[in-house]
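> Return atomic coordinates for the entry below.
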Amino acid sequence: MPDNGSTPSAAATRKLLSSRPLERIVVLGANGTMGYGSAALFTQAVPHVTFLARTRAKAEEGLASAIAQVRSPTVASRAECGDYNEDLESAVAQADLIFEALTEDLDIKREMFDRVESARRDDAIVATVTSGLSINALCQGRSESFRRHFLGLHFFNPPNVITGTELIAGNDTDADVLDFIEAFSRLRLGREMVRTADTPAFAGNRVGFKVLNEAAQLAETLGPALVDRIVGPYTGRALTPLATVDLVGWDIHRAIVDNVHANTKDEAHSTLELPAYMASLMERGVLGDKTGGGFFKRDGKTRLALDVASGNYIPISEVALPDMGYVNDIANLYAQGRYEDGMAIFLKAKGDEASLARKVIAGYISYAFHRVGEVAESINEIDRILGMGFNWAPPSVLVDTMGSRAAVDMIGEAGLPIPELLSDAANSSKQERFFHHPNINVGRFFVAS
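Residues are numbered from 1 along each chain as shown. Next comes the predicted model:
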């Protein structure tokens, strides 16, 4: 099933779904945020979902969280709980799909797969929700049966809300297994499926966390409040970058950027080095929202921002921010559906903050287009996972809105490498659009606040 952005016909999807049973799913790590969120999603599609964790009590906590997250009685009626010591082997032996959602650690996952391999049926599919570890490394040394049925199925949090999903094959993954999981995920789970290469952080996180980490680097000198104002919703993102890092968790952020920084050497390598201040604060227990604060926190109704130098927090209302009146002008145009006019103001806005915003967005576009052929076959896949996984304006949507020539000029002014795809488009007499999707309204990405 090629991933060209089109949806397979209903008849083709039904035929694929009838090719094998999928009625029992086991979720490993079901007490974690991704584990119980994924398990909740699965209960909407299959009759039996087993929540497994280190203890039954932890699994039951996961089930309670899943019920609260989706507010559906179907979750409890189709779920059962167990623990690794007493219930793993028997549950895995009956499972059609084993879904691993353990912590982002290669050794921990591989140790769990030792147990899964000894208990699973030869035809059972094993999927990992890793956010960027190598699929081939995770199944290295496994049996042929395991490798043929092993794949990455990367949901984004929370999976009941965010539909973008990456499907990643290993070198030995059976093509029929991939097609089946894609059909199941599209039809039964309502996913926007994107096939990506087995490269560090795949497609969405490779590009997305480059931007997030660059924002974290800028926060060291500018402060979080100003950075999230500069790279705010008007640049095409529903949630500002540093607030996103807090939501994801600093530990997860670190695991992703450390993985990419250690295993790639691309043109933006320096932007993927974790800032030293973040590492230092993490040693003191700062992990973002999960620990009560990261770049931002709340004291009652008062929102506070981190002072990077001291490690203390100050009310955002006391942070001196420069006048960026152009942001409100852009937001007003977006609210009227005048996206091209809003982007024109962005491209011409004066001041250091506007220049820095353009540099970050130029880097986002340049980096994404340069990853074509490396992380995915075309810009289409990268666009769709950033749009439906991060809820960010896809790079192509920004290019289409500002014009390819303007995009090339912006990238050049930022001193960044210009992708050949964009250069060719800018020099062409035909002004064709890059982004085409029958079911995605690009207006959703232009946030008017």
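> any idea which element residue 141 lies in?
Assigned by DSSP states H and E, residue 141 falls within no helix or strand.
> What values do phi and psi take at it?
In terms of degrees, to the nearest 10, the main-chain angles of residue 141 are phi 80, psi 0.
> how many neighbours does it have?
By other C-beta atoms under 10 Å, 11 other residues sit near residue 141. C-beta: built from backbone N, CA, C; applies to glycine.
> That one and residue 168: what is the separation?
As judged by C-beta to C-beta, to the nearest Å, residue 141 and residue 168 stand 19 Å apart.
> and residue 76, what does it touch?
63, 67 (C-beta atoms under 8 Å, 6 or more residues apart in numbering).
> again, only this time at 10 Å
Applying C-beta atoms under 10 Å, 6 or more residues apart in numbering to residue 76 gives the contacts 43, 63-64, 66-67.
> Out of those, which two sit at the greatest distance?
Largest separation among the contacts of residue 76 by C-beta to C-beta: 43 and 64, giving 13.5 Å.
> which neighbours do these two share?
75-76.
> of those two, who's got more company?
Neighbour count, other C-beta under 10 Å: between residue 43 and residue 64, residue 43 has more, with 24 against 15.
> Go ahead and confirm the more buried one touches residue 30.
No. Under the criterion of C-beta atoms under 10 Å, residue 43 makes no contact with residue 30, lying 11.3 Å away.
> Common neighbours of those two, please.
49, 51, 63, 66, 79.
> For ChimeraX, write the select line for the buried members of those residues.
Buried residues among the shared contacts of residue 43 and residue 30 (16 or more other C-beta atoms under 10 Å), as a ChimeraX selection:
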select :49,51,63,66,79
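> now the shared contacts of residue 43 and residue 30 in JSON lines, with secondary structure?
Converted to JSON lines, the shared contacts of residue 43 and residue 30 look like this (DSSP: H, G, I helix; E, B strand; the rest coil):
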{"residue": "49", "secondary structure": "strand"}
{"residue": "51", "secondary structure": "strand"}
{"residue": "63", "secondary structure": "helix"}
{"residue": "66", "secondary structure": "helix"}
{"residue": "79", "secondary structure": "strand"}
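> Nearest to residue 274 among the shared contacts of residue 43 and residue 30?
Distances from residue 274 to the shared contacts of residue 43 and residue 30, taken by C-beta to C-beta, are shortest for residue 66, at 31.4 Å.
> what residues are up against the closest one?
With C-beta under 10 Å, 6+ apart, residue 66 has these contacts: 27, 30-31, 35-43, 49, 51, 72, 75-76, 79, 160.
> neighbours of residue 346, just the number please.
When neighbours are counted by other C-beta under 10 Å, residue 346 registers 25.
> I'd assumed residue 355 was in contact with it.
No. In this structure, residue 346 is not within contact of residue 355 by C-beta under 10 Å, at 11.1 Å.
> hey, what's in contact with both of those two?
By C-beta under 10 Å, 6+ apart, no residue touches both residue 346 and residue 355.
> in the stretch 101-250 of the chain, which spans are strands?
For the stretch 101-250 of the chain, the strands defined by DSSP state E, counting those that start in this stretch occupy 125-128, 150-155, 164-169, 192-196.
> What residue spans form the domains of this protein?
Here the domain parsing of the chain from automatic domain parsing is 10-196, 216-275+322-445.
> wait, doesn't residue 180 sit right on residue 17?
Yes. The criterion here is C-beta under 10 Å, and residue 180 meets it with residue 17 at 7.3 Å.
> Mind checking which of the two has more residues around it?
residue 180 (19 against 16).
> what about the more buried one, distance to residue 148?
12 Å.
> so what's in contact with these two at the same time?
With C-beta under 10 Å, 6+ apart as the test, residue 180 and residue 148 both reach 125, 174.
> Is it correct that residue 50 falls within a strand?
Yes. Secondary structure assignment places residue 50 in a strand (three-state DSSP).
> Pull up the gap between it and residue 23, please.
To residue 23, residue 50 is 12 Å away according to C-beta to C-beta.
> More neighbours: which of these two?
Set side by side, residue 50 and residue 23 show more neighbours around residue 50, with 25 against 13, by other C-beta under 10 Å.
> Which residues are in contact with that one?
Per C-beta under 10 Å, 6+ apart, neighbours of residue 50: 24-28, 30, 39, 42, 59, 79-82, 87-88, 90-92, 94-95, 98.
> Could you do residue 395 as well?
207, 236, 361, 364-369, 371, 379, 382-383, 386-387, 407, 419, 422, 434-435.
> List only those of these flagged as buried.
207, 236, 361, 364-369, 371, 379, 382-383, 386-387, 407, 419, 422, 434-435.
> Among the residues you listed, name the ones in helices.
207, 361, 364-369, 379, 382-383, 386-387, 407, 422 (DSSP state H).
> nearest to residue 106, of the residues you listed?
Nearest member of these to residue 106, counting by C-beta to C-beta, is residue 207, at 22.3 Å.
> ok, that closest one to residue 433 distance?
The value you get for residue 207 to residue 433, if C-beta to C-beta is used, is 20 Å.
> Does residue 352 touch residue 323 like I think?
No. Using C-beta under 10 Å, residue 352 is not in contact with residue 323; the gap is 11.7 Å.
> Which positions within stretch 78-94 qualify as buried?
By neighbour count on 16+ other C-beta under 10 Å, the buried set for stretch 78-94 is 78-79, 81-84, 87-88, 91-92.
> so what's the closest residue in space to residue 219 that isn't next to it in sequence up against?
Excluding the flanking residues, the one nearest residue 219 by C-beta to C-beta, 6 or more residues apart in numbering is residue 227, at 4.8 Å. Counting by C-beta under 10 Å, 6+ apart, residue 227 touches 214-221, 240-242, 295, 305, 353, 356-357, 360.
> and what of residue 260?
Taking C-beta under 10 Å, 6+ apart, one finds 132, 199-201, 205-206, 209-210, 213, 266, 268-269, 271-273 in contact with residue 260.
> That one: what secondary structure?
Look at residue 260: counting by three-state DSSP, its state is helix.
> per-residue confidence at it?
Listed pLDDT for residue 260 reads 97.
> Over to residue 385?
98.
> Name the nearest of the buried residues of stretch 78-94 relative to residue 105.
residue 84 (15.7 Å).
> wait, the closest one sits on residue 119?
No. The criterion here is C-beta under 10 Å, and residue 84 misses it with residue 119 at 11.3 Å.
> Need the overlap of contacts for the two.
Common contacts of residue 84 and residue 119 (C-beta under 10 Å, 6+ apart): residue 91.
> what sits against residue 261?
Applying C-beta under 10 Å, 6+ apart, the residues near residue 261 are 200, 213, 269-274.
> From residue 214, how far off is it?
12 Å.
> what do these two both touch?
With C-beta under 10 Å, 6+ apart, residue 261 and residue 214 have common neighbours 270-272.
> Weed out the non-buried ones from those.
Looks like these have 271-272 buried, using 16+ other C-beta under 10 Å.
> would JSON lines of the shared contacts of residue 261 and residue 214 with secondary structure be doable?
Putting those into JSON lines (three-state DSSP) gives the following:
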{"residue": "270", "secondary structure": "helix"}
{"residue": "271", "secondary structure": "helix"}
{"residue": "272", "secondary structure": "helix"}
